[in-house]
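Asker: coords please:
(one chain, ligands or ions: 2)
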Amino acid sequence: MRAGYVALIGRPNVGKSTLLNTILGEKVAIISDKPQTTRISILGIKTTDKGQIVFLDNPGIHKPLHQLNRRMMNFVYSSLETSDLICLLVDAALKFGHGDEFVIETLKMTSTPIFLLFNKVDSIKKEKVLPLIDKYKDLLPFKEIIPISALKGTNVDVMEDRIYDNLPEAEKLYSDDDLTIQSDRFLFSEIIREKILSRVREELPFTTAVLVDSIEDRERAPHSKDLRPRKFINATIFVERDNHRKIIIGRHGSVIKAIGTEARKEIEDILEARIYLDLHIKVKSRWRDSANVLDLIEGQ
Ligand SMILES: Nc1nc2c(ncn2[C@@H]2O[C@H](COP(=O)(O)OP(=O)(O)O)[C@@H](O)[C@H]2O)c(=O)[nH]1
Ligand SMILES: [Mg+2]
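Answerer: Ligands and ions are numbered 1, 2, ... in the order given. This next block holds a predicted model:
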């Protein structure tokens, strides 16, 4: 048996969370085309007959400006420290830039073995891969360089095999049917945030936080044909400014309604229950620097 921790590391938007979901075959991390979608380390457990790989999906490596971002980067650093192996993801379609240099510098601090994964190879021509490998291969002593597509699943099995080769011999760290350790509250708050990110375009870049205040059971109406259990979920969306609140509400409430409907459907599928989702919006200026709000969100 082999088992260990593998940190997924890279710039924002390179596809770390997509890869985690593909590996697990289930959604444990939310995805968006906006940077800095993932804010904490999200654990995903893959158990096979070879052993167990515990993946840590992470926030993207960036220079932090707010307390929120400093906390995000602290998740990255501690995941670098605790992991047995690091998978550095790079977007194969993007040119090497300052952000990539910063990532390489950050990784120079660690002596943990590193895999280099060129992701999104589905979006580039095959002949572009070799020059990429050439550009990167001497920057760090990579143990393996593997082109993958997290979205299509290309080479993900190869990657898993190579990971096992590099993990210590050890007993499993979690039980066989554990997929993650994040709570339902956290997952639901993330799902709501994902719907906000996809509904609200450029006007509002990643400045919302979502807190699930309560999840309560509800009685079924006496003659209802829907036999699913019923749950009532209360959640608060934090925004920094009143005009952000208006954007999220939308014309005649159309935006918040769509966010609520999409999130509710997804949560209903997960819980196999009928869900009532009550969303409230709270304006809290500079919540990104409020230890109170950040503690509440991380503590879900
Ligand atoms: N074409 C393509 N797009 C991808 C792939 N992996 C991720 N993406 C897209 O890249 C964006 C960022 O993905 P996400 O997993 O949230 O990136 P993260 O910030 O690194 O976690 C999303 O729009 C994904 O759909 C891939 O293998 N191919
Ligand atoms: Mg992510």
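Asker: what residues go with each domain of the chain?
Answerer: The chain breaks down by automatic domain parsing into domains covering 2-165, 184-298.
Asker: Deepest-packed of the ones you listed, please.
Answerer: domain 2-165 (a mean of 18; mean count of other Cβ atoms under 10 Å). Just so you know, the C-beta spots here come from the backbone N, C-alpha and C atoms, and that holds for glycine as well.
Asker: Out of the domains of the chain, the one nearest ligand 1 is which?
Answerer: Nearest to ligand 1 among those is domain 2-165 (2.9 Å), distances taken as Cβ to the nearest ligand atom.
Asker: Output the domains of the chain in JSON lines, with mean pLDDT and distance to residue 172 appended to each entry.
Answerer: Output for these, formatted as JSON lines (pLDDT from 0 to 100; distance: least, Cβ to Cβ, whole Å):
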{"stretch": "domain 2-165", "mean pLDDT": "96", "distance to residue 172": "4"}
{"stretch": "domain 184-298", "mean pLDDT": "92", "distance to residue 172": "23"}
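Asker: got JSON lines for these, with distance to ligand 1 too?
Answerer: As requested, these are exported to JSON lines (distance: least, Cβ to the nearest ligand atom, whole Å):
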{"stretch": "domain 2-165", "distance to ligand 1": "3"}
{"stretch": "domain 184-298", "distance to ligand 1": "9"}
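Asker: where exactly do the strands run in this protein?
Answerer: 2-10, 42-48, 51-57, 85-91, 114-119, 144-147, 209-218, 230-239, 274-283 (DSSP state E).
Asker: Including distance to ligand 2, could these go into CSV?
Answerer: Output for those, formatted as CSV (distance: least, Cβ to the ion, whole Å):
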stretch, distance to ligand 2
strand 2-10, 8
strand 42-48, 8
strand 51-57, 6
strand 85-91, 10
strand 114-119, 12
strand 144-147, 19
strand 209-218, 16
strand 230-239, 20
strand 274-283, 23
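Asker: Give me the distance from the longest helix seen in the chain to the chain's centre.
Answerer: Scanning the chain for the helix with the most residues, using DSSP state H, yields helix 254-271. With Cα atoms, centre = their mean, to the nearest Å as the basis, helix 254-271 stands 19 Å off its chain's centre.
Asker: do the same with stretch 32-43
Answerer: 4 Å.
Asker: send the alpha carbons of the longest helix of the chain over as PDB?
Answerer: Provided in PDB are the C-alpha atoms of helix 254-271 (Å, rounded to 0.1, in the frame of the first residue of the first chain):
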ATOM      1  CA  SER A 254     -33.800  38.400 -11.700                       C
ATOM      2  CA  VAL A 255     -30.100  37.700 -11.000                       C
ATOM      3  CA  ILE A 256     -30.400  36.600  -7.400                       C
ATOM      4  CA  LYS A 257     -33.400  34.500  -8.400                       C
ATOM      5  CA  ALA A 258     -31.300  32.700 -11.100                       C
ATOM      6  CA  ILE A 259     -28.400  32.200  -8.700                       C
ATOM      7  CA  GLY A 260     -30.800  30.700  -6.100                       C
ATOM      8  CA  THR A 261     -32.500  28.400  -8.600                       C
ATOM      9  CA  GLU A 262     -29.200  27.100 -10.000                       C
ATOM     10  CA  ALA A 263     -27.700  26.500  -6.500                       C
ATOM     11  CA  ARG A 264     -30.900  24.900  -5.200                       C
ATOM     12  CA  LYS A 265     -31.000  22.400  -8.000                       C
ATOM     13  CA  GLU A 266     -27.400  21.400  -7.500                       C
ATOM     14  CA  ILE A 267     -27.900  21.000  -3.700                       C
ATOM     15  CA  GLU A 268     -31.100  19.000  -4.300                       C
ATOM     16  CA  ASP A 269     -29.100  16.500  -6.400                       C
ATOM     17  CA  ILE A 270     -26.500  16.200  -3.700                       C
ATOM     18  CA  LEU A 271     -28.800  15.800  -0.800                       C
END
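Asker: Taking their axis directions, that helix and strand 230-239 sit at what angle?
Answerer: 130 degrees (axes from the mean of the first three to the mean of the last three Cα atoms, to 10 degrees).
Asker: And the strands of the chain: which comes nearest residue 65?
Answerer: Proximity to residue 65, assessed across these by Cβ to Cβ, is greatest for strand 209-218 (16.0 Å).
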